[in-house]
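Student: Predicted structure and sequence below. I'll ask about it afterward.
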Amino acid sequence: MDIPVWKAEFLEPVLAIALVTIGFSIYHFYSISERVTQGFIAKYGETKGKTRAIWSHRYVGAMTIGIIPAIIMISVLGKSPSDYGIAFQNHATSLYWIIGLAMIIIPMNFFNSKKTKNLAFYPNVREKEWTKPMVATNAFTWCAYLFGYELMFRGLLLFATVPLLGEWPAIILNAALYALVHVPKNLEETIGAVPLGIILCLVTLTTGTIWVAFFVHITLALSNFFFSLRHHPEMKVI
């Protein structure tokens with residue numbers, strides 16, 4: 001069997017797949033590292049240390065999953081940010097998508113957040129008393145993390161694979177990898193990631209920008225955070 005011939009057009013999709021693999025792996029092992037968590041606990045105490053560890057996980061994820069890979073791909077390939085969906089365009093269409101999906105997501109999260117199974121895991125930060133600055137910081141860390149997330153999945157990975165694979169194969173690959181990174185959470189989120197991943201890819205290709213996916217993902221995460229915090233019987237904002 002002959003060694004497959006390498007072609008120049010392979011570099012972009014291969015680089016994107018390699019970077020999402022490396023970046024998510026770094027984030028994952030950092031986030032589950034007991035050594036990292038214990039370092040924060042030693043500095044800030046048990047409860048505050050775990051909180052700061054979770055916030056640090058999100059910042060690391062934003063960098064390793066999205067921001068650093070974007071810098072590498074743009075530098076190596078000579079691309080512009082707009083080539084990967086970091087562009088402000090199709091504002092009306094984008095707004096319709098954001099509002100339409102938010103009208104589905106917010107009521108769904110309101111009712112789901114009351115469930116015992118949800119409250120056992122969310123909010124991820126398990127503080128019993130929340131100050132307003134803590135609420136704001138937790139929301140900001142979610143936004144930072146999800147920017148890196150969408151920059152990679154609906155930005156770098158999607159736009160890098162479409163020219164070689166075509167739209168639908170690229171969308172299916174994207175949704176499959178997106179589902180796989182949810183496996184460490186639970187079965188429900190893994191399954192739910194498939195249709196959500198497909199929808200967000202379709203919206204991104206339709207609008208040519210990652211911002212719809214970003215704002216929809218923020219709506220999903222923050223509405224669940226706020227509703228879970230409100231409904232959790234052992235938590236309150238002071």
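Tutor: Happy to help now that I have it.
Student: What's the local residue count around the residue lying closest to residue 142 once chain neighbours are set aside?
Tutor: Take residue 142 and drop its neighbours on the chain: the residue closest to it by Cβ to Cβ, 6 or more residues apart in numbering is residue 221, 4.9 Å away. Glycine gets a C-beta too; all of them are placed from N, C-alpha and C. Around residue 221 sit 20 other residues, with neighbours defined as other Cβ atoms under 10 Å.
Student: the bottom helix or strand of the protein by mean pLDDT?
Tutor: Here the helix or strand of the chain ranked lowest by mean pLDDT, DSSP states H and E is helix 116-119, holding a mean of 90.
Student: re earlier: can you tell me the helix or strand for the residue nearest to residue 142?
Tutor: Using DSSP states H and E, residue 221 sits in helix 211-231.
Student: quick check: mean pLDDT across the helix or strand following that helix?
Tutor: Remark: after helix 211-231, the chain's next helix or strand is strand 236-237, criterion DSSP H and E. For strand 236-237, the mean pLDDT works out to 94.
Student: List of residues touching strand 236-237?
Tutor: With Cβ atoms under 8 Å, 6 or more residues apart in numbering as the test, strand 236-237 has contacts from 128-132, 135, 229.
Student: Would you write a PyMOL line that selects the buried entries of those?
Tutor: Here is the PyMOL selection string for the buried members of the contacts of strand 236-237, based on 16 or more other Cβ atoms under 10 Å:
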select buried, resi 130+135+229
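Student: Tell me which two of the contacts of strand 236-237 sit farthest apart.
Tutor: 128 and 132 (15.5 Å; Cβ to Cβ).
Student: Using PDB, write down the CA coordinates of the least confident helix or strand of the chain.
Tutor: Extracted as PDB, the C-alpha positions of helix 116-119 are listed here (Å, rounded to 0.1, in the frame of the first residue of the first chain):
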ATOM      1  CA  THR A 116     -33.300  17.700  41.400                       C
ATOM      2  CA  LYS A 117     -30.900  16.200  38.800                       C
ATOM      3  CA  ASN A 118     -30.100  19.600  37.500                       C
ATOM      4  CA  LEU A 119     -29.600  21.200  40.900                       C
END
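Student: Would you mark the buried spots in that helix?
Tutor: For helix 116-119, by 16+ other Cβ under 10 Å, it's 118-119.
Student: try stretch 229-238
Tutor: Buried residues in stretch 229-238, defined by neighbour count with 16+ other Cβ under 10 Å: 229, 232, 235.
Student: Double-check the last one against residue 226; I have them as touching.
Tutor: No: Residue 235 is beyond contact range of residue 226, at 11.5 Å (criterion: Cβ atoms under 8 Å).
Student: which residues in the chain form strands?
Tutor: For the chain, the strands defined by DSSP state E occupy 129-130, 236-237.
Student: Now render the ones you listed as TSV, adding distance to residue 194.
Tutor: Shown next, in TSV, are the strands of the chain (distance: least, Cβ to Cβ, whole Å):
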stretch	distance to residue 194
strand 129-130	33
strand 236-237	34
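Student: Tell me which of these lies nearest to residue 159.
Tutor: For the strands of the chain, proximity to residue 159 was assessed by Cβ to Cβ; strand 129-130 is nearest, at 38.3 Å.
Student: where's that closest one relative to the chain centroid, distance-wise?
Tutor: 25 Å (Cα atoms, centre = their mean, to the nearest Å).
Student: Could you list every helix and strand in contact with it?
Tutor: The contact analysis (3 or more Cβ pairs under 8 Å, 6 or more residues apart in numbering; DSSP states H and E) places strand 129-130 against strand 236-237.
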